[in-house]
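Peer 1: sequence-free structure coming up:
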Ligand code: SF4
């Protein structure tokens with residue numbers, strides 16, 4: 001487990017390297033982001049962006065998506081995994097947004113989690129990225145990275161989320177979500193993490209304890 005000075009240093013370096021991190025899911029409105037996040041479960045952001053680049057110019061409101069109908073919507077998202085169930089969830093979500101929220105995406109965890117296809121992780125992404133709240137959505141990347149670094153050792157995503165929420169300084173909390181995801185996606189990958197290129201390798205438990213033990217010749221190369 002990292003101490004507070006180490007945690008501050010880790011996020012200072014992430015901030016210096018990428019001062020304005022954000023999601024790679026292309027969107028212009030909270031509703032577009034919500035659809036994109038529902039589509040992104042077990043799919044790549046690139047694949048989702050390819051589909052929404054055609055969908056959103058045609059339909060980017062709950063009513064417009066309902067007007068497409070199930071088959072019409074599937075025509076735009078059929079390249080994405082689990083598109084059948086995702087289409088159903090999106091249509092039901094559109095229906096409920098119109099019925100309960102005048103067609104707007106609610107800025108409220110309980111209201112978000114009441115929507116089909118929206119669990120705690122998706123709600124956190126919406127609260128963070130669409131509404132600017134300092135919450136952290138723990139996906140597979142953040143779960144792995146937080147455990148490897150020793151930042152938030154936890155057995156479940158919720159445990160990791162709670163520890164991260166507690167230990168990350170307020171000044172970094174809003175952007176921490178994106179820094180950790182991007183770090184996991186491009187540097188601290190599941191297989192073959194790029195430890196020698198990693199800007200926090202001198203602060204990482206995994207690198208210090210395991211990689212160094214296996215390869216004593218490896219030294220910190222990033223500054
Ligand atoms: S040193 Fe390696 S394991 Fe640690 S955060 Fe960097 S890439 Fe991940």
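Peer 2: Cool, got the structure. The structure displayed is predicted, hence computed values, not measured ones.
Peer 1: Going by C-alpha atoms from here, please, whenever you check contacts or count neighbours.
Peer 2: Will do.
Peer 1: wait, residue 129 sits on residue 24?
Peer 2: No: proximity of residue 129 to residue 24 does not meet the contact threshold set by Cα atoms under 8 Å, at 11.0 Å.
Peer 1: Name the residues of stretch 127-142 that come out as buried.
Peer 2: Residues 127-130, 133-139, 141-142 are the ones in stretch 127-142 that count as buried (16 or more other Cα atoms under 10 Å).
Peer 1: all helices for this protein, in order.
Peer 2: Along the chain, counting by DSSP state H, helices occupy 4-17, 30-39, 45-58, 62-77, 83-101, 109-113, 120-125, 140-149, 157-167, 170-186, 205, 212-214.
Peer 1: got JSON lines for these, with mean pLDDT too?
Peer 2: Formatted as JSON lines, the helices of the chain follow (pLDDT from 0 to 100):
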{"stretch": "helix 4-17", "mean pLDDT": "98"}
{"stretch": "helix 30-39", "mean pLDDT": "98"}
{"stretch": "helix 45-58", "mean pLDDT": "98"}
{"stretch": "helix 62-77", "mean pLDDT": "98"}
{"stretch": "helix 83-101", "mean pLDDT": "97"}
{"stretch": "helix 109-113", "mean pLDDT": "97"}
{"stretch": "helix 120-125", "mean pLDDT": "96"}
{"stretch": "helix 140-149", "mean pLDDT": "96"}
{"stretch": "helix 157-167", "mean pLDDT": "97"}
{"stretch": "helix 170-186", "mean pLDDT": "96"}
{"stretch": "helix 205", "mean pLDDT": "95"}
{"stretch": "helix 212-214", "mean pLDDT": "72"}
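Peer 1: Distance to the ligand for those - can I get that in a markdown table?
Peer 2: A markdown table is the format used below for the helices of the chain (distance: least, Cα to the nearest ligand atom, whole Å):
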| stretch | distance to the ligand |
| --- | --- |
| helix 4-17 | 10 |
| helix 30-39 | 25 |
| helix 45-58 | 21 |
| helix 62-77 | 33 |
| helix 83-101 | 32 |
| helix 109-113 | 30 |
| helix 120-125 | 22 |
| helix 140-149 | 5 |
| helix 157-167 | 15 |
| helix 170-186 | 7 |
| helix 205 | 7 |
| helix 212-214 | 10 |
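Peer 1: Among those, which comes closest to residue 198?
Peer 2: In terms of Cα to Cα, the element of the helices of the chain nearest to residue 198 is helix 170-186, at 8.8 Å.
Peer 1: quick one, the closest one and helix 140-149 angle?
Peer 2: In this structure, helix 170-186 runs at an angle of 100 degrees to helix 140-149, with axes from the mean of the first three to the mean of the last three Cα atoms, to 10 degrees as the basis.
Peer 1: what's helix 170-186 in contact with?
Peer 2: Residues from elsewhere that reach helix 170-186, judged by Cα atoms under 8 Å, 6 or more residues apart in numbering: 11, 14-15, 18, 20-23, 128, 132-139, 141-142, 144-146, 165, 168, 189-190.
Peer 1: same check, this time on stretch 43-50
Peer 2: Stretch 43-50 is touched from outside by 24, 25, 26, 36, 39, 40, 79, 80, 81, with contacts defined as Cα under 8 Å, 6+ apart.
Peer 1: All set now, cheers.
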